[in-house]
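# next one to model:
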Amino acid sequence: MTLENGRYSGRLYRALNPVYARDPLSGRGAERFGGRFNAQGVAALYTALDPVTALREANQVGDLQPTTLVSYRGEVGPVFDTRDAAALAGQGLTPDALADPGWRIAMLDRRPVPTQDFATRLIAAGYAGLLVRSFAAGARGLNMVLWDWPALSVIDDEDRLR
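So this is what the prediction gives:
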């Protein structure tokens, strides 16, 4: 993995419900339901920098459910790195605000969601995504949330997702 000059190059991973595994580049689930870093109506691809984090992200509630693990290769950018405390503060956020678990309830109550508003500002500024730590229980890895991913490709040399 390399993150240089705001561009990411390397592998990314995503754990999917097998029902959606045939279209692993769509971002439509996040678009339909919204997420921590995308409002409803905004497509997003939630990926991780390692397979274990991807599995933890996809299975945050209850027991491990059937999951299809997909890997991608590509380059994306520019990427906002939320580990940069000064840059994050410049956006009016703190690491605690990123981790706030109340985003889902606020979204359901149709109240402002600061992390979604943050993502909207980044998208308007031309960012393709953001690098952020995982908030899944027990995870220690990093996630890459993408809003623009034209140079990302699924690694499926044996056409298993067919």
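# so which bits of stretch 51-71 are buried?
Buried residues in stretch 51-71, defined by neighbour count with 16 or more other C-beta atoms under 10 Å: 51-59, 67-68, 70. Quick note: C-beta positions are derived from backbone N, CA and C, even for glycine.
# let me redo that: stretch 84-95
Across stretch 84-95, burial judged by 16+ other C-beta under 10 Å covers 88, 91, 93.
# gap between the two ends of it?
10 Å (C-alpha to C-alpha, to the nearest Å).
# mind listing residues that contact that stretch?
Applying C-beta atoms under 8 Å, 6 or more residues apart in numbering, the contact partners of stretch 84-95 are 80-82, 98, 114-115, 118, 121-122.
# mean confidence score for stretch 49-67?
Mean per-residue pLDDT for stretch 49-67: 88.
# any idea what L142 is bridged to?
R133 (DSSP bridges).
# look at it and report its pLDDT.
At L142 the predicted local distance difference test score is 97.
# as a markdown table, the buried residues of stretch 84-95 with secondary structure, pLDDT and distance to E75 would be great.
Converted to a markdown table, the buried residues of stretch 84-95 look like this (DSSP: H, G, I helix; E, B strand; the rest coil; pLDDT from 0 to 100; distance: C-beta to C-beta, whole Å):
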| residue | secondary structure | pLDDT | distance to E75 |
| --- | --- | --- | --- |
| L88 | helix | 96 | 23 |
| Q91 | coil | 94 | 24 |
| L93 | coil | 94 | 26 |
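# just checking, which helix or strand succeeds the helix-or-strand element of the chain with minimal mean pLDDT along the chain?
Lowest on mean pLDDT, DSSP states H and E among the helices and strands of the chain sits strand 2-4, with a mean of 80. Next helix or strand after strand 2-4 toward the C-terminus (DSSP states H and E): strand 7-16.
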